[in-house]
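S.K.: below is the sequence, then the predicted model.
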Amino acid sequence: NELHGAYCSVSRNVLHLLSDETITACFFSTAGRTFPGNALAIGCFTAQQKGLVLNQAVIRRHLEQVGRIPAVCRDCFNTYHCSRECPEVCYALESGPSGEEERGFRCRVNQLLAEAWLREMAGTMSSNAI
């Protein structure tokens, strides 16, 4: 009974503390595997301040970007239950599909799975109604 959008950690209020004390918004942004310019850094841990320092402006920007529904997705029956193309495409870093592109593999899989689950649910409901 919950909606599933992009599973970007910043939209789920999950922090990833790296060994260099950087806080990121992505489970793919780890020590040894960070994005150029540390683009997904949303803050840091500081021993002097004895705590976390979060950049709210960067967090808001990431949330706006991952919460945006691309034009190619707007007519899809699965719009609000989809992870978009994450992790192959990072919507916090990129604008995502403009509407001209083909839908990706993850999109097609999500649509097929959702359709199968809906058909199964409809079958269960109709057999229980008798």
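M.R.: Structure received. Residues are numbered from 1 along each chain as shown.
S.K.: same question for the longest strand seen in the chain: list its buried residues.
M.R.: For the chain, the strand with the greatest residue count under DSSP state E is strand 41-46. Buried residues in strand 41-46, defined by neighbour count with 16 or more other Cβ atoms under 10 Å: 41, 42, 43, 44, 45. The C-beta positions use only the backbone N, C-alpha and C, and glycine is treated the same way.
S.K.: do the same with stretch 75-85
M.R.: The neighbour-count check on stretch 75-85 (16+ other Cβ under 10 Å) flags 76, 78, 82, 83, 84, 85 as buried.
S.K.: ends of that stretch, what's the gap?
M.R.: 16 Å (Cα to Cα, to the nearest Å).
S.K.: the helices in the protein, which residues?
M.R.: Using DSSP state H, the helices assigned to the chain run over residues 56-67, 105-128.
S.K.: go through the buried residues of strand 41-46 and name the one nearest residue 66.
M.R.: Ranked by distance to residue 66 (Cβ to Cβ), the buried residues of strand 41-46 are led by residue 42 at 12.3 Å.
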